[in-house]
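Novice: Build me a model:
(one chain, ligands or ions: 1)
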Amino acid sequence: MRESTQSHPDTLGVHAGREDFAELGVHAPPLDLSTTYPVRDLDVGTASFDALVGGEAKAANPIYARLHNPTVARFEDALATLEGTSDAVAFGSGMAAMSACLLAAGQRGKHVLGVRPLYGTSDHLMNSGLLGIKTHWVEPGEIAAAINDDTALVVIETPANPTLDLIDIAAVVKAARGVPVLVDSTFATPVLQQPAALGATLVLHSATKFIGGHGDVIAGVVACNAEWASALRQVRAATGGLLHPLGAYLLHRGLQTLGLRVRQAQANAQYVAERLVKHPAVAKVCYPGLGTVANAHLVGTQMRGPGSLLAFEMHGGHAAAAAVMSAVRLATPAVSLGSVDTLIQHPAGLTHRVVDAETQRRHGITPGLLRLSVGIEHADDIWADLEQALDAARQAEAA
Ligand SMILES: *Cc1c(COP(=O)(O)O)cnc(C)c1O
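Specialist: Residues are numbered from 1 along each chain as shown. Model prediction:
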């Protein structure tokens, strides 16, 4: 157990995973790029190899970087502290993390329950049968009835991508009746919600997004208990979906400003959302901070705030959405999210293309929908840019 759990999350973000710095006489984490480690004592080496391949977090000798890396382990410790779990296991991408969870779950059963909408590629992966599991798609209210003896995992994402609908995590855990629940908490970050405290077994982040926060690392991480962490490390050692130590170093640094970034972006998102709803080019705005998403009442309880992602529907459909993408100047028209800079993208045309058309339609992924990841620039500048782009789209439509 971590002795520092009493501190405020902001303090933990700055200090977690750095507890031994005084002893080491350093002020920044050592970055260990070794791929292999000398084995002078073969007995120690053999015992270490067995321990790491068997899923232990560390051993006397790291042996080989696919089995253990101290820089990655530091980031994992810090993230686990922020999520309030005993362990965390990092991967080379959010999808590598998701794959490892499905592979580890697949050893318990081949039946997985999924609640849509999910991140497009998560939906695609779970629907493809690629990993030997079969996904049964349900609404949250259907989970209890859909569980059978072969059900290994329940997968949810809240806030969901791209609609920002919220799901009651505690209610899903109750309905799952002991079947582990995976929560993709990428949009919330540990600053805004801690699913493990609500009973979730696996808390997944695409660390590419808010945790990295600067658009320069692809990574994934799963916070969980020791038993699942062991299973995930075994999968990682066998399949090799590793996080590079330089990525871990940057993510660990990202945690130090996570609270500041998330709160600033969130304040900006609220400001922008309140202006977007009044703009004549906009048909609707989906944002938990406006109460315009499913289960918005969970803001303030399950979630500490509404976050900084929002989606909005253009009156002019696909053409108008495309015109906004072309007209923004400060914001970057690009997929991804959670960066310090504002990003805007078109789910139907980009991130959710891998989701079948009927599912897109049912979850409001329409041709006129844009998703905005609000950054930490000054709110007036973000809005001025968006407003001129919306005006340009209206003029193009009128012409
Ligand atoms: C980006 C994302 C993923 C996938 O993560 P990668 O790091 O791109 O592999 C999974 N879930 C959500 C919610 C995401 O936004």
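Novice: Enumerate every residue touching the residue of the stretch 201-350 of the chain found nearest the ligand.
Specialist: Closest approach between the stretch 201-350 of the chain and the ligand, counting by C-beta to the nearest ligand atom: S206, at 3.0 Å. The C-beta positions use only the backbone N, C-alpha and C, and glycine is treated the same way. Contact partners of S206, counting by C-beta atoms under 8 Å, 6 or more residues apart in numbering, are 93-95, 97, 119, 184, 186, 219-220.
Novice: Not counting sequence-adjacent ones, nearest residue to it?
Specialist: Distances taken as C-beta to C-beta, 6 or more residues apart in numbering place G94 nearest to S206, at 2.9 Å, with adjacent residues excluded.
Novice: got a pLDDT number for the residue lying closest to N225 once chain neighbours are set aside?
Specialist: Spatial nearest neighbour of N225, chain neighbours left out: S86 (5.7 Å); criterion: C-beta to C-beta, 6+ apart. In this model, S86 is scored at 98, pLDDT.
Novice: just checking, S86 touches A229?
Specialist: Yes - between S86 and A229 there is a contact at 7.5 Å, judged by C-beta atoms under 8 Å.
Novice: Tell me which of those two has more neighbours.
Specialist: Ranked by neighbour count (other C-beta atoms under 10 Å), S86 and A229 place A229 first, with 24 against 18.
Novice: can I assume L153 sits in a strand?
Specialist: Yes - assessed by DSSP: H, G, I helix; E, B strand; the rest coil, L153 belongs to a strand.
Novice: Next one: the residue of the stretch 201-350 of the chain closest to the ligand, what pLDDT does it get?
Specialist: 98.
Novice: Just want the phi and psi numbers for it.
Specialist: phi -80, psi 100 (degrees, to the nearest 10).
Novice: wait, isn't V217 in contact with H252?
Specialist: No - applying C-beta under 8 Å as the test, V217 and H252 come out as separate, 10.5 Å apart.
Novice: How much space separates the residue lying closest to L343 once chain neighbours are set aside from the ligand?
Specialist: Spatial nearest neighbour of L343, chain neighbours left out: S373 (4.4 Å); criterion: C-beta to C-beta, 6+ apart. According to C-beta to the nearest ligand atom, to the nearest Å, S373 stands 9 Å off from the ligand.
Novice: now do Y64
Specialist: From Y64 across to the ligand, the span is 24 Å (C-beta to the nearest ligand atom).
Novice: List the residues that contact that residue.
Specialist: 35-37.
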